[in-house]
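Student: Sharing a sequence plus its predicted fold:
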Amino acid sequence: MSINSVWYHIRYANPPSVYLLTHKFAILSYMKSLSLSQPHIIAIVGTPGSGKTFFADKFSDTFNTPFINKDKITPLSKDTKSAAMLISYQVEELLKTHQSFILEGMSDTRTERMILKRFARKAGYEIIFVWVQTDPTTAKSRATRENTEMNPEEYDRILKRFASPDSTEEHIVISGKHTYATQAKVVLKKLSGPRAEIVSRATIPTRPTKPGHRNIVVS
């Protein structure tokens, strides 16, 4: 929404629209620094080529939040085991800060997610798994085209190992084909949760009731 559009809504829209707009701005303003009441690990889940890194990079830049990217660490390691150890070390160090961060890696299987969740809770963190979904044909095309080190056979090997979150695992889903704005809206809605109710009560003014009239609340 452009500045001109915002000004039009404030000046000409009917009062309920103004209240709703104020409410949304209040939530986004609060979330700008991810100053959550409890620190979070935002763990990105998905197959290669699904759009995980695209979303995580954008979200990290938007909220100035540290991002541990497996794809950046793996090429610097002698093998996948060394890469996993480096990622684990970075996670352990960030957990000491009690600040929210984004993690791509250590969440390809249910066992890895279970271990990560246990470590997070022990350190006083909440964890939110964000599953980035893209159809297999598009994801494979992206992964093998954009990453010269990944051939179709390697992609199939990783895909075979990957276990998507099931109904017993708390997670949210975003589409790897949607715009970043749409993706971020889904994640912010989950993160803002109870805080949204507090902001709503604190920032949305109540219209005075005129004699002989009733206020109508649209839910």
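Tutor: On my side now, so go ahead.

Student: Which elements pack onto the longest strand along the chain?
Tutor: Ranked by number of residues, the top strand in the chain under DSSP state E is strand 126-133. On a contact count with 3 or more CB pairs under 8 Å, 6 or more residues apart in numbering; DSSP states H and E, strand 126-133 meets strand 40-45, helix 52-63, helix 110-122, strand 171-175, helix 180-203. The way it works is simple: take the backbone N, C-alpha and C, and place the C-beta from them, glycine included.

Student: Which one, of those, ends up nearest to D79?
Tutor: helix 110-122 (17.5 Å; CB to CB).

Student: Contacts for the closest one next, please.
Tutor: Contact with helix 110-122 is made by 41, 43, 45, 91-92, 95, 103, 106-107, 126-127, 129, 163, 165-166, 169, as judged by CB atoms under 8 Å, 6 or more residues apart in numbering.

Student: Which one among those sits at the bottom for pLDDT?
Tutor: Lowest pLDDT within the contacts of helix 110-122 is found at M106 (88).

Student: one step back: can you pull the buried residues of the helix or strand just after the longest strand of the chain?
Tutor: Using DSSP states H and E, the helix or strand that follows strand 126-133 in sequence is helix 136-146. By 16 or more other CB atoms under 10 Å, the buried positions in helix 136-146 come out as 139-140, 142-144.

Student: what's the spacing between A83 and E154?
Tutor: 15 Å (CB to CB, to the nearest Å).

Student: residue contacts, the spatially most central residue of the chain?
Tutor: Most central in the chain under CA atoms, centre = their mean is V187, positioned 4.4 Å from the mean C-alpha point. Each residue near V187 by CB under 8 Å, 6+ apart is listed here: 42, 59, 128, 130, 172, 174.

Student: Check those residues for burial and list the buried ones.
Tutor: 42, 59, 128, 130, 174.

Student: Any chance of CSV for the residues you listed, columns pLDDT?
Tutor: Formatted as CSV, these follow (pLDDT from 0 to 100):
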residue, pLDDT
I42, 96
F59, 95
I128, 94
V130, 97
I174, 97
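
Student: Make TSV from those and add distance to R113 to it.
Tutor: What follows is the buried ones among the contacts of V187, written out as TSV (distance: CB to CB, whole Å):
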residue	distance to R113
I42	13
F59	19
I128	11
V130	12
I174	17
